[in-house]
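Peer 1: Here's my sequence, what's the structure:
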Amino acid sequence: MRRAATYAMTAALLVVLARAADDLPLPDPLKTVAGKTVASPEAWRNGRRAEVLELFRAQVYGRAPVARPHDLRFETIATTKTALSGRATRKDVRIRFSGPGGESTIRLVVFIPNNAPKPVPGFLLISNHSWEGLVTAGQQSSPFWPVERIVARGYVAAAFLNADLDPDKDDGFKDGVHGIFDRKDAPRPPDAWGTITAWAWGASRVMDYFETDADIDAKRMAVVGHSRGGKCALWCGAEDERFALVISNESGCTGAALARRKQGETIKAINSRFPHWFCANYKRYNDKESELPVDQHELIALMAPRLVYVASATNDKWSDPPAEFRSCVLAEPVYRLFGLSGLGATNMPSPEHPLLDGHIGYHLRTGQHDLTGYDWTCFMDFADRHWKKESAKP
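Peer 2: Alright, predicted model coming up:
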């Protein structure tokens, strides 16, 4: 009884805090830098979207110096048609590429349900756990990446390790893809890509592979990330419009949470702890969030008119659930340009009452900072609701 009362008090407090974010002076996603109002899908697609994307590249995440490498190639090193006790086909894939600084490989593991009509839609997880945890999936249950449950719902379960793109450490951008593609004959520019962008770049190379696999429906693939992976998933989805669904789980600061609210992790705090995650320009906004020309609701708006989902947890104060929720609310005007509903709500929902009907999905889960089975259930329910509706259209 006492626990239930505590949960109710926490939920009520979060609702109050979410409403307080309404008073923040935030940039308008539908107002150009020149002060013109965007009033049509064409004006968004042909001008304002590129403007917002460029502001995030220049001031926050940095820009990748290369898109698809000229020698990108895919090698399926093993195929097991009887994975998960015969319910799935497992493919172990190596995505190889090179640049001026050397060669590298992204290891990818894919589980495709055997009884689903091909091609099959699914979920790509950007994982910061161990590679061993990914390759042993199916042999032991994992709430973080519940392969068996994803396959049982009729979806592809795919994952790669972010460290294959860039180890998560501040080494002056010498290792990983930075060492392969960055110029060595000039100082590093202040808008050069950070580690988050390197991981997002890797997810796009995985999408390049999906487009070659006849078993996978590349037009209905979701990119999923938790915490730092959630920041990465959002940035990947903003830059790569091939992902039909973008899922951010408890991504917080420089993910889904409004920077200007400053109730959880701040720009200064994240730049101090993880100086390699973002471009050098982002450090200009330490303790100066109000000077940032964008905020995170505009990042979510960059997914329009595609699907996007944001998840929070009641006890994850560092990720600032009210600020994550308000970002979803404030991204909705861009979806309305396309005649689509966004979140479809302005009041933060109670825990375990997901909002699934609009093109922006959201839920607040009781508990700590984690990626759980409940989160995955909501993600798949959201995909079911929208992708099955789309496939049922004549």
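
Peer 1: Residues in contact with stretch 208-218: which ones?
Peer 2: 68, 72, 74, 89, 91, 93, 95, 108, 110, 112, 118-122, 124, 156, 158, 207, 221, 242 (C-beta atoms under 8 Å, 6 or more residues apart in numbering). C-betas here are computed from N, CA, C, even on glycine.

Peer 1: Write the PyMOL selection for whichever of those are buried.
Peer 2: Of the contacts of stretch 208-218, the buried ones can be selected in PyMOL as follows, counting by 16 or more other C-beta atoms under 10 Å:
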select buried, resi 74+89+91+93+95+108+110+112+119+120+121+122+124+156+158+207+221+242
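
Peer 1: right, and Ala244 touches Val223 too?
Peer 2: No: applying C-beta atoms under 8 Å, one finds Ala244 not in contact with Val223, separated by 9.4 Å.

Peer 1: Comparing those two, which residue is more hemmed in?
Peer 2: Val223 (29 against 21; other C-beta atoms under 10 Å).

Peer 1: Mind checking which of the contacts of stretch 208-218 are in helices?
Peer 2: Assigned to helices by DSSP state H, the following of these qualify: Met207.

Peer 1: Narrow the contacts of stretch 208-218 to those in strands?
Peer 2: 74, 89, 91, 93, 95, 108, 110, 112, 120-122, 124, 156, 158, 221 (DSSP state E).

Peer 1: Among those residues, which one sits closest to Ser319?
Peer 2: Taking C-beta to C-beta as the measure, Ser319 lies nearest Leu124 of the ones in strands among the contacts of stretch 208-218, at 21.7 Å.

Peer 1: contacting residues for the closest one?
Peer 2: 158-160, 203, 206-207, 210, 221-224.

Peer 1: again with Arg73
Peer 2: Contact analysis of Arg73 by C-beta under 8 Å, 6+ apart lists 95-97.

Peer 1: Let's see that with 10 Å instead.
Peer 2: 94-98, 208-209 (C-beta atoms under 10 Å, 6 or more residues apart in numbering).

Peer 1: Is it bridged to anything, and to what?
Peer 2: Beta-bridge pairing of Arg73 under DSSP bridges involves Arg96.

Peer 1: Around Ser141, count how many other residues there are.
Peer 2: Using other C-beta under 10 Å: Ser141 sits among 12 other residues.

Peer 1: switch to numbering from 156
Peer 2: New numbering, starting at 156: the last item is Ser296.

Peer 1: how much distance is there from the host helix or strand of Gly357 to the middle of the chain?
Peer 2: For Gly357, the host element (DSSP states H and E) is helix 350-365. Its chain's C-alpha centre and that of helix 350-365 lie 11 Å apart, by C-alpha atoms, centre = their mean, to the nearest Å.

Peer 1: cool, and stretch 230-239?
Peer 2: 27 Å.

Peer 1: And stretch 383-397, by the same measure?
Peer 2: Relative to the centre of its chain, stretch 383-397 is centred 4 Å away, using C-alpha atoms, centre = their mean.

Peer 1: State the distance from Val193 to Leu492.
Peer 2: 7 Å (C-beta to C-beta, to the nearest Å).

Peer 1: same question, Gln294
Peer 2: Gln294 is 47 Å from Leu492, by C-beta to C-beta.

Peer 1: who's more crowded, these two?
Peer 2: When Gln294 and Leu492 are compared on other C-beta under 10 Å, the one with more neighbours turns out to be Leu492, at 21 against 10.

Peer 1: isn't that one right next to His514, touching?
Peer 2: No: with contact defined as C-beta atoms under 10 Å, Leu492 does not reach His514; the gap is 11.7 Å.

Peer 1: what touches both of the two?
Peer 2: 459-460.
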